[in-house]
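# Coordinates for the following, if possible.
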Amino acid sequence: MGGQGHMTQDDIEAKVEYLFANRFNHTLHAYIDITGDLIAGILLSQVMYWFTESADKEVRTTICKDGYHWIAKRREDWMEEIRISKKQYDCAIKKLTAEGNRFLEVKKYQYCGIPMTHIRPITENINKAIAKWKADLAKLISSQQDDGCNGSSPNGNMEVPQRGKSYIYNIYNNNNNIETYTEYSSISSGEDIHSGSDSEPDTEITKKQIAYSQILDDYNRTCTDLPKIQVISEERRRKIRTLMNGMDKDKILPGKTAYERLHAIFQLTHESDFLSGRDGKWSRCSFDWMITKKNALKILEGTYANKGGTDKSGNSVQGNAENATSKNRFNQFQRQDYKIDELEKELLSN
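Predicted coordinates:
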């Protein structure tokens, strides 16, 4: 299929799937409401992301000027980051810097020797607007509780969806004293929080408590070449439940527990030189990529298994596969054989 560094069709497809699953906007509805505009809310939400703490407890942006943290971005950078055009950015930034609704400060500074737009959030104005938003929402929920009727959102323009019996408001402060808001629907147990998705099958797995900490530990112990995960987020919980239900419904690895099936995915990913990044063809996959049902099925079918011989550590590939299936008892799953040349021709002809 080519010399060293040449990506096969499987490599390309895997990278496309990774980008598909990991390129998205995370926008808090509160920011849309306080700005009164969808695009402005998306932009404000992304700006705020850069001023929250990363895993090492440091603010993500590292630019400091005139006593404040800033981010330096060109108009075209926002297209790459959150898919808004230059025109949309110009309209949104005008709204976000207008008097009476001034949530951002914009200045020109030198960045790497080039004049560039720098942006920082005016946290006192944002926090004040968020506080009012929360107070209005609290009154709304209270009134709905009294009369049992649906109401409108704090700005009066949008109906609040009644998806659950209870609401959780996670409010936290970082070094810039920025508050963020998250809403979840009804809780089924002390551990499991439902996403409210209609696409998630209503099976026993969604009703009982899932040991997410066990899944986290198993992944971190098994996939030693991949980035460790620190938390099973709500989005990850939803994906895990969907994957567990899907494998159970499709009778994948029958007779095995849901946790054994997940371990099989982790083990086969670890053994793959491609998915682990050991062969240098790909920068390695992630936990979020492998728990997507389509990708998990390909892993179990052997799509990314090493193609015979030895792995990068000099171990026999066949020996490793036999040891893994024997130790973990996943020998009832029949591997799918793919004709890569035919698959590549079919994909390229479309």
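
# pLDDT weak spots in the protein?
Low-confidence segments of the chain (pLDDT under 70): 1-5, 146-208, 308-350.

# need the strands for it, in chain order.
Shown for the chain, the strands assigned by DSSP state E span residues 63-65, 68-72, 104-111, 114-121.

# among the ones you listed, which is nearest residue 253?
Smallest distance to residue 253 across the strands of the chain (Cβ to Cβ): 46.2 Å, for strand 68-72. C-beta coordinates here come from the backbone N, C-alpha and C atoms, glycine included.

# still on that earlier bit, among the strands of the chain, which comes closest to residue 277?
Residue 277 lies closest to strand 68-72 among those, at 29.4 Å (Cβ to Cβ).

# CA atoms only for that closest one - export them in CSV, please.
Coordinates of each C-alpha in strand 68-72 appear next as CSV, following Å, rounded to 0.1, in the frame of the first residue of the first chain:
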residue,chain,number,x,y,z
TYR,A,68,-5.1,40.8,32.1
HIS,A,69,-5.1,37.4,30.3
TRP,A,70,-6.0,37.6,26.6
ILE,A,71,-6.4,35.3,23.6
ALA,A,72,-4.9,36.3,20.2
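
# Name the residues of that strand that are buried.
68, 69, 70, 71, 72 (16 or more other Cβ atoms under 10 Å).

# Check what contacts it and list those residues.
Outside strand 68-72, the residues that touch it by Cβ atoms under 8 Å, 6 or more residues apart in numbering are 47, 50-51, 59, 61-64, 107, 109, 111, 116-120, 176.

# Next, the angle from it to strand 114-121.
120 degrees (axes from the mean of the first three to the mean of the last three Cα atoms, to 10 degrees).

# Given strand 68-72, what are its sheet partners and their directions?
strand 63-65 (antiparallel), strand 114-121 (antiparallel) (DSSP bridges).

# JSON lines for those, including distance to residue 260?
Below are the strands paired with strand 68-72 laid out as JSON lines (distance: least, Cβ to Cβ, whole Å):
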{"stretch": "strand 63-65", "distance to residue 260": "48"}
{"stretch": "strand 114-121", "distance to residue 260": "47"}
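
# Which of these has the highest mean neighbour count?
Highest mean neighbour count of the strands paired with strand 68-72: strand 114-121, a mean of 17 (counted as mean count of other Cβ atoms under 10 Å).

# And the contacts of it?
44, 47-48, 51, 63, 65, 68-75, 103-111, 176, 178.

# do the same with stretch 210-229
Residues from elsewhere that reach stretch 210-229 (Cβ under 8 Å, 6+ apart): 191-192, 231-232, 236-237, 240-241, 244, 259, 262-263, 266-267, 269-270, 276-278, 284-287.

# Repeat the analysis, applying 7 Å as the threshold.
Applying Cβ atoms under 7 Å, 6 or more residues apart in numbering, the external contacts of stretch 210-229 come out as 191-192, 232, 237, 240-241, 259, 262-263, 266-267, 269-270, 276-278, 284-287.

# Those residues, buried ones only, as a ChimeraX selection?
Applied in ChimeraX, the following selects the buried portion of those according to 16+ other Cβ under 10 Å:
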select :192,232,237,240,241,262,263,266,267,269,270,276,277,278,284,285,286,287
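
# From the contacts of stretch 210-229, which land in helices?
Under the assignment DSSP state H, these contribute 237, 240, 241, 259, 262, 263, 266, 267, 269, 270, 287 to helices.

# Residue 298: which of these is nearest?
Lowest distance from residue 298 to these (Cβ to Cβ) belongs to residue 269, with 10.6 Å.

# Please identify the buried residues of the longest helix along the chain?
The longest helix of the chain (DSSP H) is helix 123-147. Using 16+ other Cβ under 10 Å as the burial criterion, the residues of helix 123-147 that qualify are 123, 125, 126, 127, 129, 130, 133, 134, 137, 140.

# quick one, that helix and strand 68-72 angle?
Angle, helix 123-147 to strand 68-72, by the same axes, to 10 degrees: 90 degrees.

# for helix 123-147, packing partners?
On a contact count with 3 or more Cβ pairs under 7 Å, 6 or more residues apart in numbering; DSSP states H and E, helix 123-147 meets helix 29-35.
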